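Visitor: Provided below for reference: sequence and predicted model.
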Amino acid sequence: MKTSIATVSISGGFAEKLAAIAGAGFDGIEIFEQDFIASDFTPAEVGTMVRDHGLTITLFQPFRDFEGLPEPLRSRAFAAPRASLI
């Protein structure tokens, strides 16, 4: 069995989160979109950093708090550029 944890569950910058997650013995990470966007790293750099820590990316979490979102906010949220990922 492999274990994974969401980056949103850990405090600090992205690099610090990776070190903490790897240090805790997890196998993978679920990258929360805001952690990815807020970092200064390119997608290639993120991939390298993840692999260098012996981790895998198990999930990209672009959506959050959509449950029960009233219209027209729900439609706007799904119309956002990241919605093209689904």
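Guide: Nice, I can see it.

Visitor: Show me where this protein has its strands.
Guide: 4-6, 28-32, 56-61 (DSSP state E).

Visitor: what about the ones you listed, which gets the closest to residue 41?
Guide: If you check each of those against residue 41 by CB to CB, strand 28-32 wins as the nearest, at 11.1 Å. The C-beta positions use only the backbone N, C-alpha and C, and glycine is treated the same way.

Visitor: Just grab the bridge partners of the residue most central in space within the chain for me.
Guide: Centroid-nearest residue in the chain: residue 31, 1.5 Å away (criterion: CA atoms, centre = their mean). Note on residue 31: beta-bridge partners by DSSP bridges are residue 60.

Visitor: contacting residues around the residue nearest to residue 2 when sequence neighbours are not counted?
Guide: Closest residue to residue 2 apart from its sequence neighbours, by CB to CB, 6 or more residues apart in numbering: residue 27 at 4.1 Å. By CB atoms under 8 Å, 6 or more residues apart in numbering, the contact list for residue 27 reads 2, 3, 4, 55, 56, 58.

Visitor: same deal with residue 49?
Guide: So residue 49 contacts 14, 15, 18, 41 (CB under 8 Å, 6+ apart).

Visitor: Next one: the third one from residue 76, what distance?
Guide: It stands for residue 18. To residue 76, residue 18 is 32 Å away according to CB to CB, to the nearest Å.

Visitor: can you give me the helices for the protein?
Guide: 14-23, 33-38, 43-52, 73-79 (DSSP state H).

Visitor: Show me the one of those that comes nearest residue 8.
Guide: Nearest of the helices of the chain (CB to CB): helix 33-38, 6.7 Å.

Visitor: Give me the average confidence score over the closest one.
Guide: Across helix 33-38, pLDDT averages out at 85.

Visitor: by contact count, what packs against that helix?
Guide: helix 14-23, strand 56-61 (3 or more CB pairs under 8 Å, 6 or more residues apart in numbering; DSSP states H and E).

Visitor: ranking those by burial, who's on top?
Guide: Compared across those, helix 14-23 shows the largest average neighbour count, a mean of 18 (mean count of other CB atoms under 10 Å).
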